[in-house]
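K.L.:
turn this into a model:
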Amino acid sequence: MTQPESPQQAPPKPKRSSAAKWIAIVVVVIIIVAAVVVVVTYHPTTTTKKPVTTLSLSPTTSGVSTQVGTPTTFTPNTPSTFKWTKMVWNFGDGTTQTVTSGNGVVTHTYANPGSYLVSVYASNTTTVASSNSSLMVITVNPPISPNPAAIYGPIYLSASSQNGNQTIGVGGWINLTYAGLLAGIPVTVGSPVPGDVAYSVQSFVWNIDNGSKIINDNNTKMPETVNLTFSTPGFHTVTLTTTTVDKSTGATASGNFTMTIAVGNYTVGVPPAAVTANKNQLINAEYVPGGPRTLDPAIAYDTVSYEVLYEIYEPLIYYNGTSLTEFHPVIAASVPTVSNGLEVINPANGAANFTFYINSSATFSNGDHATPYDVYESLLRTLLFANDPGTPGWIVAHALLPAPTIYGPFNESFYWIHHAITWNNSTNSVTFHLLPSTPSWLPNTTATYAGVSYGVLNQSYEVQNFGSASYFLQLLAGPVASYIMDYSWLVANNHTAKQPTLPQNNSASYVAFEAYGVSGNFNSFLEYNTMGSGPYQLSLYEAAQLVTLTVNPYYNQTSSQLPARSNLIPKIELEYLTNEGTAQEQLQSGYAQFAAGAYPPDATPQAQALISKGVISAVTAAEMSDFFYAYNMNINVTGAKSYDSSINIWPGFFDNLSIRKAFSYAFNYSYYINVAEYSSGEYFMNQITGILPPGIEYYPTNISNQAIQYNLSMAEFYFNQSGYNNGTWNFPAFNSQGQPPQDEMYTVWENALSQMSGGKIKMTTVDIPFAYTVAYSTVGPGQNLMPIYFLGWIDDYPNPTDFVAPELQEYGIYTYPDGLFYNSTVTTFSPITHPQYAAQWQNITQMWNDLAAANEQVNPVNITLLYYKAEKIAVNLFLYVGTTQPIGVLYFSTALNPAGLIPTENTAVGTSFIIYYSLTYK
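P.N.:
Predicted structure coming up:
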């Protein structure tokens, strides 16, 4: 680990980010003209100082974002009355340019990717002018055709002594980190290179001010961060050089990323909206530190990854516009229905077959045409990962494979996989064979879950499809779990990484392949490389920095609901910025068309000002999702110590129902909804009771009567009842970076907990990259290091089972890591080893029984009643707190046609990510 440059001034870990505040500061530069005493023969005379006029300049540029090797034009915007004789431009990369005539407009080409500050100074004998109060920030992306073996930064500015941006005072400090550490798969020394997995990272070198100080780091898997202090005013440069090596050949490659640090009385300015959109490209300047978790569609299960995969891969069918019940074929030639004979239901037990004929005109970006076997192998990979925490395979697996619960563990044996999906090359078709709707006994079969054997399944449960026959098409049309990959491409790259892309076609290989769906074992080639039939192909992926998509040269419009190739915007760039203000600047200037994540509630006034000026527009959509603060009842205390060395809590702290009640009554919903998630007349969250979002089918409206309200007296009562009131409890609570309202709410909650406990509960918020939050929460039992964390669930398909399965039922993506499952050996929350929890487990079992009964019912009234009963139990068990339904607000450039956002507004997406292929310019 690189030690801080100035340990005594090392910054505290930031608790929250906030919208950039632009403060105009007039910098007065005084030139003192030396007094000249003229001695005359008879008497002395005195001279007077010439008056000096000072001006402030606001320069502009042809682009606030550019690429290495691309000339960028800078204009000083000096007043017409100011006749300067000398002008000096400082481009922030260690170079300057002096101009003595003309209009002062200059052009500069950057050699390295980076985040540069640019200033200009002009003068004559009586006047000086500078842009010190209005510095420009220029983002320089990697070259158009980069070396795929090279890593070009970027640097993440995690904190500073002054503004949280690239300006600090003299003697101030700044903390810089290699942003690859924030990537979905963190990149450290020894990690494979995203662009070429034959290479791995060999070393990092920090170069301060062109060699005035060098800091080396080649420590494997250690944080790559520096803390720097500058005592000299002016512009300073920090360059991070990353060297990679191909261990088989010894060949090396290197990439640089440079950041300008302005030391002294400087302020970053706001660029005017003056850039005309380049209609050959579309840019989303996203404030999403870290970027996608993975580009493997069988593993990706987060919206940041979806946004990329949605453009590259295609499923068999898609939703029609904003409808959740109508579909159009994509890789399929038609949509199965009972009337066309492609959906066949067994009246005896409800088992169903769905047959899809394949549209072979669907073409991958290497020219291969889609086949039935492509569909089978793609779904095979998805199903084999269904038992691994944090993957989307359960979505289709619960309809096709035997399991005791809707969330697994699934029987992934060779027999049942081949029974679930069959293909026929002669008819060019694929058939999905759903399990019975009526619970039925099956022959002896065995299952494993996350590498643990659970023995013969038919001895303990009947199998069923959990009612999925009624919504199976929604399972395939959602944004996850059903993307089709090119089998031939997978075979060709089966040994590109140390992990295989496909299993061999035998039972033993199927079992072994399951391990590659567990975090840490992902196929490193498929994390960063793609081959789909969608409108776009992956052109460039810089981990934690940039994704560039270009048109798939073989893309074929297989449906009238999809765009023709000629209508596609030629290039899509997704920038994963680490500074909220930079993202806002790019949208405001007109350079970017979106700035996702850069306008939290407290930035609403800035967004509304841009709307009033006609720079941007907004769409609002209620999301079919819920967000919450989760209690972990099986804490990895050792892991948590890496974030809070003073932690004093035991793994089963939140097993105690009275503790969960105390914490929940200390949560101020009114503040959360009306203050933290409100700004300038806009609400961004609605409080909900339970975990089902209003608007979903079978929603129990009367569950709101069970709502828990803020009550510190009740919180104190239950804390005293818990048995923990005689000790002091310190622990971290986790939030993802870029979520200021949640940081604010954590602060309010921390104060309330301290107040009601008499200072005995000391909760401290820790902000981590979103990809880290996902990684920490999608693990096996006892491995989640977050005692409390903020996350949520966005619908995979519009049915209550999609929410209760991960959040309430056994083996769910939240319940399994957090200890809510019946096993006496791997969780602290055990009804066997801890009999004091018997009453809780009686209620939990009843909740599970009610949810299972809802799956078997066909009467809508009875289904709704059963969901009400299960939700009521969950609320009274205080399993989650702060449950809300988000209201998505998406800001976009007025240069775009708003009609192109209709697919993004579909409730299945709910503006949680952007669908780009439907977008066009006016």
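
K.L.:
so what are the domain limits for this protein?
P.N.:
Split into domains by automatic domain parsing, the chain comes to 7-272, 282-289+536-615+894-905, 315-517, 625-886.

K.L.:
count of residues packed around the closest residue to Tyr471 other than its chain neighbours?
P.N.:
Distances taken as CB to CB, 6 or more residues apart in numbering put Asn799 closest to Tyr471, at 5.0 Å, once the chain neighbours are dropped. Where C-beta positions appear, they are placed from N, C-alpha and C, glycine not excepted. Residues lying near Asn799 (other CB atoms under 10 Å) number 21.

K.L.:
pretty sure Asn799 is touching Ile696, no?
P.N.:
Yes. Asn799 lies in contact with Ile696 (CB atoms under 8 Å); the separation is 7.3 Å.

K.L.:
most tightly surrounded among the domains of the chain?
P.N.:
Highest mean neighbour count among the domains of the chain (mean count of other CB atoms under 10 Å): domain 282-289+536-615+894-905, with a mean of 21.

K.L.:
compute the first-to-last residue distance for it.
P.N.:
With CA to CA, to the nearest Å as the measure, the first residue of domain 282-289+536-615+894-905 is 19 Å from its last.

K.L.:
repeat that for stretch 382-392.
P.N.:
In stretch 382-392, first residue to last residue: 7 Å (CA to CA).

K.L.:
before we move on, back to that, if you average pLDDT over each of the domains of the chain, which is lowest?
P.N.:
Ranked by mean pLDDT, these end with domain 7-272 at the bottom, a mean of 81.

K.L.:
so which residues of the stretch 601-750 of the chain form helices?
P.N.:
With helices called from DSSP state H, counting those that start in this stretch, the stretch 601-750 of the chain shows them at 604-612, 637-640, 657-665, 669-671, 712-721, 740-756.

K.L.:
neighbouring contacts of the shortest one?
P.N.:
For helix 669-671, the external contacting residues (CB atoms under 8 Å, 6 or more residues apart in numbering) are Gln687, Gln709, Tyr710, Met745, Val748, Gly882.

K.L.:
tell me the contacts of the second one?
P.N.:
The neighbours of Gln709, taking CB under 8 Å, 6+ apart as the test, are Tyr665, Tyr669.

K.L.:
kindly report the same for the last one.
P.N.:
In this structure, Gly882 makes contact with Phe627, Phe628, Tyr629, Phe667, Tyr669, Tyr672, Met745, Phe790, judged by CB under 8 Å, 6+ apart.

K.L.:
kindly report the same for Pro436.
P.N.:
By CB under 8 Å, 6+ apart, Pro436 lies in contact with Asn346, Asn349, Gly350, Ala351, Val463, Gln464, Asn465.

K.L.:
same list (those residues) but as a markdown table, adding secondary structure.
P.N.:
Compiled in a markdown table, the contacts of Pro436 are given as follows (DSSP: H, G, I helix; E, B strand; the rest coil):
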| residue | secondary structure |
| --- | --- |
| Asn346 | coil |
| Asn349 | coil |
| Gly350 | coil |
| Ala351 | coil |
| Val463 | strand |
| Gln464 | coil |
| Asn465 | coil |
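
K.L.:
export those as CSV, with columns for distance to Glu542.
P.N.:
Shown next, in CSV, are the contacts of Pro436 (distance: CB to CB, whole Å):
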residue, distance to Glu542
Asn346, 51
Asn349, 52
Gly350, 49
Ala351, 48
Val463, 46
Gln464, 46
Asn465, 42
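
K.L.:
on that earlier part again, among the helices of the stretch 601-750 of the chain, which comes closest to Ser248?
P.N.:
Proximity to Ser248 (CB to CB) singles out helix 637-640 among these, at 34.6 Å.
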